[in-house]
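S.K.: Requesting a structural model of the entry that follows:
(2 chains)
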Amino acid sequence: MTSPEGTGRPGQGTARQDYVLRSVEERGIRLIRLWFCDVLGQMKSVAISPVELEKVLDEGLQFDGSAIDGFSRVHESDVLARPDPASFGIVRSGRDGGPATAAMFCDIESLDGEPFAGDPRAVLRRVMADARAAGYEFMCAPEVEFFYFADGDPGTPLEPLDEASYFDLTITDVASDLRRRTIGRLEALAIPVEYSFHEDGNSQHEIDLQWDDALAMADNVMALRMVVREEAHTEGVHATFMPKPLANQQGSGMHTHLSLFRNDTNAFHDPDDPYGLSEVGRSFVAGLLAHAREITAVTNQLVNSYKRLVPGFEAPSTVSWARNNRSALVRVPRHKTDKDAATRVEFRSPDPACNPYLAFALILAAGMRGIEGGYELPAEAPDDLHRLDDAARADLGIDLLPQSLAEALDTMADSELVRTTLGPHIFEWFVRNKRSEWADYKAHVSQFELDAYLRAW
Amino acid sequence: MTDGGLLVFPAPDPDLARLLDLGGWAWSAVDDDLTARNAEGTPAGALVTLGADEADDQAGDDPAWQVLEALARREPPLLATMVLLRGTHLDQLAGRSHLFADFCLTPFHPREMEARITHLLAAGQRAGGAEVEPPGDDQTVRYGPLLLNTETYQARIAHRALDLTYMEYELLRYLAQNPDRVHTREVLLSQVWGYEYYGGARTVDVHIRRLRSKLGEEHARMIQTVRSVGYRFGRADD
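M.R.: Model prediction:
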């Protein structure tokens, strides 16, 4: 929902601030939610009233960052949330009887006014600014998948919404009503969507977002996750972005279409190339592939993420690219030759439980390394990629993606690219936090083990 | 819906439809509060039937009241409303006088209904409720059904409020103030975004697309793409 312009810093954003203040007044807004996210990508929200708004727009909102995952540093725990007036949007019109509510995303600053090192939005801003300095504007369009379940209680078996027999009579109503209201709210937030039902998984749905610059898009993903869950909740339904809730079904991915623009033309486009990809496009993909293993811990940050990245489903498990093979990591879709703006590549590993700011930042940084270093694009993966055994795959020089969060973290910990891109604050906190998640998981005895070993041994 | 007609909730039964047609009133049916709120044009009045749906009626949660609330929140508010109801429902009117101007029991006598509608519309006109004069010209930008208030930053299309971000508003204002001319992306960037922009021409495309989607299918063609040049704002048919 953010527009890609400026930050609304004092002195620059007075017209914008005025717009926000007048809109709040004219539309009868009662609550303004200030949004930001922690290092793991969980949305944090502080609600303020219209009387506080002007002061907060001028001075920011001071709060204790030590309560936020990944923000804390004992000696400097207070930070400032500075609302970005360009991201102002109406969350609830008030028509439904609830208080009319607006929202703005915030940049986090330290008390001396510097971008806060623990703020994921600042990371993406910085990486995009670097790309811009090199002449490139990064645009992306994710396809966000998720499941609706009748109940969000992890203690009971998962009940997909459209298989639950007692929902049979009403499911059409529930789903279409949810869809209508979810789309309506996203569009009121200036997030254009194309929504489609998912045919594969029971109760799996997909919302495709139309392309936008990466910062606006990361904001959009954050807002989308919240709106989908809130709307489901009002129907007594649980929406989840967990990557692989059901072992025998497709997981939820966040395939992301990527393109770079330079001087208003698509830098990936070359009509004379057999793949339609320019030199820049090829190097970008090569960079993405070369660093894919290093950034996987961030694009797929849960223990559960790696249960989606297995062969047999439409998720990638190898470091590979292809034009039409849906088990490849990067897909270069065919497009009409006259639509040069449509040239793009699709990165298929991220899942919707990632932190979109950090994921987009690393995707861009990996691709830019490819461009700066003039990386060579490896050969296209064969059609039977998913059927190759390990030896045949190794002969083709195709690596596997990390097989577990532990492997992904080890690869990330050695990555200069990831350390530089995220900055030491987030990098170190992330690795520490996720290693502890892995340690907890490793100590857990699962149902699988009980079923397989309890009687056999 | 043409200006000066009647909104009817829900779709009228054949008797009522015939009466309206014979009486020469333009009317259109609305399905729910949302369509009532967003129906285009400036209707002169509305007929809302209570207890039309038995299931809603039993549940004691009649959508007719939501429709009436939605009409009152239109811009301008549509207050010349008449409630049609059975005698058994009279107690529901209590405490809701602010939501309707008149009521009529069903089954109605056609002559009585005609007289009441005529009175309703005449009274509405006298009260000036149907058409509120827009504020002075210095703070409004008008183009066809589009109305922008530069003082309050609010935008309406055919009386429907648009939820715009600041840059969407600024872009629309610039276009509406400079209609019937082709603007290149570069001009739009420098005029609307000024020195702060960094997004390049893609930024313009993104915002144009959002504006079209918010204007709605019917009005999206107010913004036309001029191939390999830029954009033009104005009536699509010339």
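
S.K.: residues in chain B within reach of chain A, list them.
M.R.: Proximity of chain B to chain A (Cβ under 8 Å from any Cβ of the partner chain) is limited to residues B:33, B:37, B:70, B:73, B:151-154, B:161, B:163-169, B:185, B:193, B:196-203, B:206-207, B:209-210, B:213-214. Yep, even glycine has a C-beta here, placed from its N, CA and C like the rest.

S.K.: Buried ones only from these, please, as a PyMOL command.
M.R.: The buried subset of the residues of chain B next to chain A, as determined by 16 or more other Cβ atoms under 10 Å in any protein chain shown, is captured in PyMOL by this line:
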select buried, chain B and resi 33+37+70+73+152+153+154+161+163+164+165+166+167+168+169+185+193+197+199+200+201+202+203+206+207+209+210+214
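
S.K.: Could you give the average pLDDT over the longest strand anywhere in chain A?
M.R.: Using DSSP state E to define each element, chain A has its longest strand at strand A:137-149. Summarised as a single mean, pLDDT over strand A:137-149 is 91.

S.K.: Tell me the helices and strands packed up against that strand.
M.R.: When contacts are defined as 3 or more Cβ pairs under 8 Å, 6 or more residues apart in numbering or on different chains; DSSP states H and E, strand A:137-149 sits against helix A:120-133, strand A:204-209, strand A:212-213, helix A:214-234, strand A:238-240, strand A:254-262, helix A:356-373.

S.K.: With distance to chain B, mean pLDDT and mean neighbour count added, can I get these in JSON lines?
M.R.: Output for those, formatted as JSON lines (distance: least, Cβ to the nearest Cβ, whole Å; pLDDT from 0 to 100; neighbours: other Cβ atoms under 10 Å in any protein chain shown):
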{"stretch": "helix A:120-133", "distance to chain B": "6", "mean pLDDT": "95", "mean neighbour count": "20"}
{"stretch": "strand A:204-209", "distance to chain B": "12", "mean pLDDT": "86", "mean neighbour count": "22"}
{"stretch": "strand A:212-213", "distance to chain B": "6", "mean pLDDT": "87", "mean neighbour count": "26"}
{"stretch": "helix A:214-234", "distance to chain B": "8", "mean pLDDT": "92", "mean neighbour count": "23"}
{"stretch": "strand A:238-240", "distance to chain B": "23", "mean pLDDT": "92", "mean neighbour count": "20"}
{"stretch": "strand A:254-262", "distance to chain B": "5", "mean pLDDT": "94", "mean neighbour count": "23"}
{"stretch": "helix A:356-373", "distance to chain B": "15", "mean pLDDT": "98", "mean neighbour count": "25"}
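
S.K.: CSV for those, including distance to residue B:106?
M.R.: Shown next, in CSV, are these (distance: least, Cβ to Cβ, whole Å):
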stretch, distance to residue B:106
helix A:120-133, 59
strand A:204-209, 44
strand A:212-213, 52
helix A:214-234, 35
strand A:238-240, 44
strand A:254-262, 55
helix A:356-373, 56
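
S.K.: hang on, the earlier thing: now the longest strand of chain A, how far from the centre of its chain.
M.R.: Here strand A:137-149 shows a centroid-to-chain-centroid distance of 7 Å under the convention Cα atoms, centre = their mean, to the nearest Å.

S.K.: which stretches of the stretch 201-350 of chain A have low pLDDT?
M.R.: The stretch 201-350 of chain A contains residues with pLDDT under 70 at A:201-202, A:335-340.

S.K.: Which one of the residues in it is closest to chain B?
M.R.: Closest residue of the stretch 201-350 of chain A to chain B, Cβ to the nearest Cβ: residue A:264 (3.8 Å).
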